[in-house]
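Asks: dropping the sequence and predicted coords here.
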Amino acid sequence: MAQRGLCSRREADQLIAKSWVKVDAQVVCQLGTKVSPKAEITLTSEAQKFLNQQVTIVLNKPVGYLSSPSDDDYPLAIQLIHPTNQAPKDRFKNRFNSSHLKGLAPAGRLDIDSKGLLIFTQNGVLAKHIIGENSSVEKEYLVKVNGSIDKSKISRLEFGIVLDNRPLKRTKIKQLQPGVLQFVLCEGRKRQIRRMCEEVNLRVVSLKRVRIGKLRLSSLKEGQWRYLGRKEKV
């Protein structure tokens with residue numbers, strides 16, 4: 001089910017346990033059931049409704065918040081998702097419910113010293129689309145740096161840096177103004193941009209993610225969040 005993009009593995013377990021999955025028109029309720037690769041897998045209307053009720057939240061994360069739990073004693077970005085921080089226009093369209101926090105997880109990381117667009121979702125398929133091993137979804141960042149910038153450094157940042165004994169995928173780099181670079185990545189190694197800049201003797205002063213795929217940060221203020229609309233695509 002996960003391989004076919006119907007849902008995530010965790011969601012598949014939930015749907016099977018509720019008898020909401022059919023294989024070749026027969027209900028399957030036993031986890032781990034083996035089926036033919038050619039089998040027809042369908043979801044009941046209850047399953048579709050369950051998946052459609054999953055929420056995705058867009059947050060403008062400030063500096064000083066962690067994307068995911070760790071041993072460090074810093075606040076988590078998910079703590080910002082409460083009614084008082086919901087974008088005013090979004091409040092009129094979508095009512096916050098504490099059940100929306102259940103199973104909500106960040107689709108990607110944004111380190112404590114960085115800010116900008118962070119997506120939380122209950123949708124495993126969407127998360128895989130954004131951060132899966134074979135994902136090609138672009139992430140765009142505005143990066144202020146200290147140090148001299150020239151064509152040779154930009155060229156090396158775009159292609160030629162190895163981190164953790166693995167070459168990075170090709171990156172799109174553009175100098176927007178003195179000391180400000182636009183990075184467009186298709187992967188997300190730990191502190192990748194900061195480490196890339198160190199390789200060419202540049203020091204990151206500030207880093208802001210402004211786009212993930214088709215989704216832009218737009219006018220969402222720092223510390224605010226909103227629900228992803230049903231017709232919006234990432």
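Replies: On my side now, so go ahead. Numbering: from 1, shown residues only.

Asks: buried residues of the least confident helix or strand in the chain by mean pLDDT, list them for me.
Replies: The helix or strand of the chain with the poorest confidence is helix 45-52; it has a mean of 77 (mean pLDDT, DSSP states H and E). Buried residues in helix 45-52, counted by 16 or more other CB atoms under 10 Å: 47, 50, 51. The C-beta positions use only the backbone N, C-alpha and C, and glycine is treated the same way.

Asks: where in the protein is pLDDT low?
Replies: 52 (pLDDT under 70).

Asks: what about residue 109, how many neighbours?
Replies: The tally of other residues near residue 109 (other CB atoms under 10 Å) stands at 16.

Asks: please name the nearest non-neighbouring residue to it.
Replies: Nearest residue to residue 109, sequence neighbours excluded (CB to CB, 6 or more residues apart in numbering): residue 67, at 4.7 Å.

Asks: which residues touch the very next helix or strand once past the least confident helix or strand of the chain?
Replies: The helix or strand immediately downstream of helix 45-52 is strand 56-61, counting by DSSP states H and E. With CB atoms under 8 Å, 6 or more residues apart in numbering as the test, strand 56-61 has contacts from 67, 77, 80-81, 100, 104, 110, 114-123, 126, 215, 217, 220-228.

Asks: switch the cut-off to 6 Å
Replies: 77, 81, 110, 115, 118, 120-121, 123, 220, 222, 224-226, 228 (CB atoms under 6 Å, 6 or more residues apart in numbering).

Asks: out of those residues, who's nearest residue 18?
Replies: residue 123 (17.5 Å; CB to CB).

Asks: ok, that closest one touching residue 53?
Replies: No: applying CB atoms under 6 Å, one finds residue 123 not in contact with residue 53, separated by 10.2 Å.

Asks: higher neighbour count, the two?
Replies: A count of neighbours by other CB under 10 Å puts residue 123 above the other of residue 123 and residue 53, at 23 against 10.

Asks: find the nearest non-adjacent residue to that one, please.
Replies: residue 54 (4.6 Å).

Asks: show me where the protein has helices.
Replies: 9-17, 45-52, 88-93, 124-131, 151-158, 192-199 (DSSP state H).

Asks: how much space between the closest residue to residue 108 other than its chain neighbours and residue 109?
Replies: Counting by CB to CB, 6+ apart, residue 108 lies nearest to residue 131, which is 4.9 Å off, once chain neighbours are set aside. In this view, residue 131 and residue 109 are 9 Å apart by CB to CB, to the nearest Å.

Asks: can you give me the domain boundaries for the chain?
Replies: Listed domain ranges for the chain are 9-52, 56-134+215-227, 139-212 (source: automatic domain parsing).

Asks: and of those, who's closest to residue 2?
Replies: Closest among the domains of the chain, using CB to CB: domain 9-52, at 4.7 Å.

Asks: run the chain-centre distance for the closest one.
Replies: For domain 9-52, the distance from its own C-alpha centre to the chain's C-alpha centre is 26 Å (CA atoms, centre = their mean, to the nearest Å).

Asks: do the same with stretch 45-59
Replies: 16 Å.
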